[in-house]
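Undergrad: Structure of the sequence below:
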Amino acid sequence: MAEFTGERLIPGEVNVDLLNEHLARYTFASRLARGKRVLDAGCGAGYGSAELAEAALEVVGMDVAPEAVDFARAHYQAPNLRFEQGSCVAMPHAEASFDLVVAFEVIEHLEDWRGFLTEACRVLTPGGQLIVSTPNKAYYTESRGPHGANPFHVHEFEFEEFRSELRAVFPYVSLFLENHVAGVTFQPHEQGYTVEARVDAGEPSPEESHFFVAVCAHRPQIGNPTFVYVPRAANVLREREHHIAVLERELAIKDDWLNKAQADLQEFDREHQKLLAMFRELKEELEKSNHWAESLNEEVMTGRARVVELQDELAREQEQARQMAEEFERDLAEKVAWARDAEARLEREIADKQRAVEALHKTEAERDEGTKWALELQAWGNAMQKDMERFRDEVHQLEVLVTMYQSSRWVKLGRKVGLGPAIPPS
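TA: Alright, predicted model coming up:
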């Protein structure tokens, strides 16, 4: 569903004046569309294309927005009317396809608006015409006031610039000034078929005009008649009276609101006075708090200075501790090395002592065996000594016997006579 964004007009969603402003341009163009092939470039919702189709031979409504084309197809249908999606700077049509190109409130939206004029020239027949409109930059800027520039417009034109750019492409340009004007109509109660109009002469002022409308061609154009569009909703006085009634009702509502607002303001003033009293009290308390805060701030500054000193002392102590830790680590490493060396030496000494103990045990075993042998030898010696003593006794006895034998006269006598054993001399 298409919606009115402030630029694409949807009939039924805008006020009558704005709708008439747009319909007036298409009514103006319908006079030149009779029996012609017409391209409505930037057709929007399609209501203008439908207006042109009532007089033209064929109308093509073209818009770059697919949602606008879909809306136009759904709401406006006629045998000589079709809608298509396309760009105004790259029209999907062959040269000399149309007798009339209409582009209302389009050129100010295009970055390449010179390219649009060239494309319009390309698709027109040699005797064709381009009708193009745009808002007056000077008036439009003033009318928007605090709302600022229109965010949908890329380039807005003043009168001389608009005419100059059109004449750079089309040698013949007829410019019209579109304005809302106050008028009085005398319309017969029974429908008439002729219209007479009188437009009081006056100097046209492009600077004060609402819109510029140009009819451009490559051949001279005949006549520049003033065109007056009187819409169906044309009883301006009745509309104004109705509008005034609406405004009066709104004004009454606003008066009620204003009275209530004044009562609220009085109540607010009383509350304001209470708040002022509270503010004064709070201000006094705040001043006391500020004094206390200043003294506290001094203490904090002193404390910060002390903290800085303590941090310096801590840094020095940490440095000393680091140096002591390094010395302790070096000393510990030396002691560990000494302990490992001592442990190695101790292990060697223990091994030597174990060998000495083993040797001692062996020696003790040998000693015990020697002692046993010595005791046995001693016992044997004692026995031998006893045997020797007994032998000596026996020898002594034998010596005594031998001495007695040798000294015996009988022995000597026996020897002399060759009797008895030979006894060697002692």
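Undergrad: got a list of what R37 touches?
TA: Counting by CB atoms under 8 Å, 6 or more residues apart in numbering, R37 touches 56-58, 97-100. All C-beta spots, glycine's among them, are computed from the backbone N, C-alpha and C.
Undergrad: beta partners of it?
TA: Counting by DSSP bridges, R37 is bridged to E58.
Undergrad: Could you tell me how far it is located from V102?
TA: Taking CB to CB, to the nearest Å as the measure, R37 falls 12 Å from V102.
Undergrad: Next, count neighbours for V169.
TA: V169 has 16 neighbouring residues, counting by other CB atoms under 10 Å.
Undergrad: per-residue confidence for it?
TA: At V169, the pLDDT value in this model is 97.
Undergrad: mind checking the SS state of the nearest residue to it once chain neighbours are set aside?
TA: Distance criterion CB to CB, 6 or more residues apart in numbering; nearest residue to V169, sequence neighbours excluded, is L117 at 4.5 Å. Following DSSP: H, G, I helix; E, B strand; the rest coil, L117 is assigned to helix.
Undergrad: Just list the residues touching L117, thanks.
TA: Shown in contact with L117 (CB under 8 Å, 6+ apart): 107, 130, 165-166, 168-170.
Undergrad: G381 too?
TA: Not one residue lies near G381 by CB under 8 Å, 6+ apart.
Undergrad: For it, give me phi and psi.
TA: phi -60, psi -40 (degrees, to the nearest 10).
Undergrad: Can you check the pLDDT for E399?
TA: Model confidence at E399 (pLDDT) stands at 74.
Undergrad: roughly how far apart are S407 and L401?
TA: For S407, the distance to L401 - CB to CB - is 11 Å.
Undergrad: Then E54?
TA: 198 Å.
Undergrad: just checking, what's the longest strand in the chain?
TA: When the chain is scanned for its longest strand (criterion: DSSP state E), the result is strand 124-135.
Undergrad: And that strand, what's buried?
TA: By 16 or more other CB atoms under 10 Å, the buried positions in strand 124-135 come out as 124, 128-135.
Undergrad: Which two of these have the greatest separation?
TA: Farthest apart among the buried residues of strand 124-135 by CB to CB are G128 and P135. That separation is 24.9 Å.
Undergrad: quick one, what contacts Y26?
TA: Residues in contact with Y26 (CB under 8 Å, 6+ apart) are 47-48, 51-52, 102, 104.
Undergrad: so which strand or helix has it?
TA: If you go by DSSP states H and E, Y26 is part of helix 16-30.
Undergrad: For that helix, C-alpha coordinates in PDB please.
TA: What follows is helix 16-30, C-alpha atoms only, in PDB (Å, rounded to 0.1, in the frame of the first residue of the first chain):
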ATOM      1  CA  VAL A  16      -7.900  19.600  -1.100                       C
ATOM      2  CA  ASP A  17      -5.600  22.600  -1.800                       C
ATOM      3  CA  LEU A  18      -2.500  20.400  -2.200                       C
ATOM      4  CA  LEU A  19      -4.500  18.000  -4.500                       C
ATOM      5  CA  ASN A  20      -5.800  20.800  -6.600                       C
ATOM      6  CA  GLU A  21      -2.300  22.300  -7.000                       C
ATOM      7  CA  HIS A  22      -1.100  19.000  -8.600                       C
ATOM      8  CA  LEU A  23      -4.300  18.400 -10.600                       C
ATOM      9  CA  ALA A  24      -4.100  21.900 -12.100                       C
ATOM     10  CA  ARG A  25      -0.800  21.100 -13.800                       C
ATOM     11  CA  TYR A  26      -2.200  17.900 -15.400                       C
ATOM     12  CA  THR A  27      -5.300  19.900 -16.500                       C
ATOM     13  CA  PHE A  28      -3.000  22.500 -18.000                       C
ATOM     14  CA  ALA A  29      -1.100  19.700 -19.900                       C
ATOM     15  CA  SER A  30      -4.300  18.000 -21.000                       C
END
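Undergrad: Tell me how far that helix lies from the chain's centre.
TA: Taking the mean C-alpha point of helix 16-30 and that of its whole chain, the gap between them comes to 49 Å (CA atoms, centre = their mean, to the nearest Å).
Undergrad: now swap in stretch 288-305 and tell me
TA: That offset, for stretch 288-305, works out to 42 Å (CA atoms, centre = their mean).
Undergrad: Only alpha carbons, please: show it as CSV.
TA: Presented in CSV, the C-alpha positions along stretch 288-305 are these (Å, rounded to 0.1, in the frame of the first residue of the first chain):
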residue,chain,number,x,y,z
LYS,A,288,28.8,24.0,55.2
SER,A,289,29.4,20.8,53.3
ASN,A,290,31.8,22.7,51.0
HIS,A,291,33.8,24.0,54.0
TRP,A,292,33.9,20.5,55.4
ALA,A,293,34.9,19.2,51.9
GLU,A,294,37.7,21.8,51.7
SER,A,295,39.1,20.8,55.0
LEU,A,296,38.7,17.2,54.0
ASN,A,297,40.4,17.9,50.7
GLU,A,298,43.4,19.4,52.6
GLU,A,299,43.6,16.2,54.7
VAL,A,300,43.3,14.2,51.5
MET,A,301,46.1,16.2,49.9
THR,A,302,48.3,15.7,53.0
GLY,A,303,47.4,12.0,53.0
ARG,A,304,48.3,11.8,49.3
ALA,A,305,51.7,13.4,50.0
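Undergrad: in that stretch, what counts as buried?
TA: Buried-residue list, stretch 288-305, by 16+ other CB under 10 Å: empty.
Undergrad: same question for that stretch, mean pLDDT?
TA: 81.
Undergrad: got it, and stretch 35-48?
TA: If you average the pLDDT over stretch 35-48, you get 96.
Undergrad: Using CSV, write out every CA atom in it.
TA: In CSV, the C-alpha atoms belonging to stretch 35-48 read as follows (Å, rounded to 0.1, in the frame of the first residue of the first chain):
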residue,chain,number,x,y,z
GLY,A,35,-4.8,12.9,-29.7
LYS,A,36,-1.1,12.5,-28.8
ARG,A,37,1.2,9.8,-27.5
VAL,A,38,2.1,11.0,-24.0
LEU,A,39,4.8,9.9,-21.5
ASP,A,40,4.1,10.9,-17.9
ALA,A,41,7.7,10.7,-16.5
GLY,A,42,7.7,10.3,-12.7
CYS,A,43,4.0,9.6,-12.7
GLY,A,44,3.9,8.7,-9.0
ALA,A,45,0.5,7.3,-7.9
GLY,A,46,-0.9,7.6,-11.5
TYR,A,47,-3.8,10.0,-10.9
GLY,A,48,-2.2,12.5,-13.4
